[in-house]
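1. here you go, sequence then predicted model.
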Amino acid sequence: MNILIIHVHPEPKSFTSALKEVAVEHFQSRGDIVKVKDLFQMNFNPIASVNDFKSLSNPVYFSVMKEQMSASKTDNFSDDLKQEMDDLVWADFVLFNFPLWWSSVPAILKGWFDRVMALGFSYHPREKLYETGVFRNKKAMCCITTGGSQEAYSTGGANGNIEEVLYHLTHGILYYNGMQVLPSFYSWKAHLVDKPTLEHYLEDYKKHLQNLENFKALY
């Protein structure tokens, strides 16, 4: 399989980065081809702008969505953005590896979604979405570190059920684009727990990855 890992953390020595290394080792040991996109290391620009396009179909009034649709038809995306799109098309399985910030993804990853999953390229709201989506033959999964405890992210917990907190991502972005979304893996309070607990998380993650073929998709 072709594995695309979107890694999102500014610190290479972070536990989030350690989880990324576990995934790379796992997939490579199976003989998969692995590409890692380290968005912070790449200094990925998260801001959708006129620079996403080689030229504008309407230079008088800029509309991101209209320019995305036009560029999808005319192959007019900027070279750096086109590379991200090509890698996404290449992948059979996409793993998003990130810390939970303010109940969502870091801004740099949100910007990756804004720019790479462009209208006309990865979805069309009247023709290609959800079960008829462009990427319906791809699988996706999230590996997430949190600042809060599992109890805090449970039903009735202070922060709300984690699956509901991330519905905007798993359903509203990944499944919206047609992807089959597998259950996420969570490392709770990763910045506060002791080393044995972190080591336990790593072992649990290895088992999670080994069991991917047996998981039923959330959507």
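-> Perfect, thanks for sending it. Residues are numbered from 1 along each chain as shown.
2. center of this protein - which residue?
-> Phe96 (3.6 Å; C-alpha atoms, centre = their mean).
3. from Ser70, how far out is the closest residue to Gly157 other than its chain neighbours?
-> In this structure, Gly157 finds its nearest non-sequential neighbour in Glu151, 5.5 Å apart by C-beta to C-beta, 6 or more residues apart in numbering. Any C-beta I mention is one placed from the backbone N, CA and C, and that applies to glycine too. Glu151 sits 49 Å away from Ser70, taking C-beta to C-beta, to the nearest Å as the criterion.
4. any idea how far the residue nearest to the centre of the chain lies from Cys142?
-> Relative to Cys142, Phe96 is positioned 5 Å away (C-beta to C-beta).
5. if we can go back for a sec, next, count neighbours for the residue nearest to Gly157.
-> A count of neighbours around Glu151, defined by other C-beta atoms under 10 Å, yields 11.
6. that one looks like it's in a helix, true?
-> No. Read with DSSP: H, G, I helix; E, B strand; the rest coil, Glu151 is coil and lies in no helix.
7. list the contacts of the closest residue to Met141 other than its chain neighbours.
-> Excluding the flanking residues, the one nearest Met141 by C-beta to C-beta, 6+ apart is Leu182, at 4.3 Å. Leu182 sits next to Lys139, Ala140, Met141, Leu212, Phe215, Ala217, Leu218 when contact means C-beta atoms under 8 Å, 6 or more residues apart in numbering.
8. what's the pLDDT at Leu182?
-> On pLDDT, Leu182 comes in at 98.
9. do Pro125 as well
-> Looking at Pro125, its pLDDT stands at 86.
10. which residues touch it?
-> Going by C-beta under 8 Å, 6+ apart, Pro125 touches Leu119.
11. residues contacting the helix or strand containing Tyr201, please?
-> Element membership of Tyr201 [criterion: DSSP states H and E] is helix 195-210. Here helix 195-210 makes contact (C-beta under 8 Å, 6+ apart) with Phe15, Ala18, Leu19, Val22, Ala23, His26, Phe27, Cys143, Phe185, Ser187, Ala190.
12. now for those: which two are most distant?
-> Longest distance between any two of the contacts of helix 195-210 is 21.6 Å, between Phe27 and Ala190; criterion C-beta to C-beta.
13. now, the most widely separated pair of the contacts of Leu182?
-> Farthest pair in the contacts of Leu182 (C-beta to C-beta) is Leu212 and Leu218. Separation: 13.1 Å.
14. so which residues of this protein form strands?
-> 2-7, 33-38, 93-99, 139-145, 180-181, 185-187 (DSSP state E).
15. for Gln83, find the nearest of those strands.
-> Checking these against Gln83 by C-beta to C-beta gives strand 33-38 as the closest, at 9.9 Å.
16. which of the residues in the closest one are classified as buried?
-> Neighbour counts over strand 33-38 (16 or more other C-beta atoms under 10 Å) mark Val34, Val36, Lys37, Asp38 as buried.
17. and if you look at stretch 73-88?
-> Going by neighbour count (16+ other C-beta under 10 Å), the buried part of stretch 73-88 is Asn76, Phe77, Ser78, Leu81, Lys82, Glu84, Met85, Asp87, Leu88.
18. wait, what's in contact with the third one?
-> Translated: Ser78. So Ser78 contacts Asn51, Asp52, Phe53, Lys54 (C-beta under 8 Å, 6+ apart).
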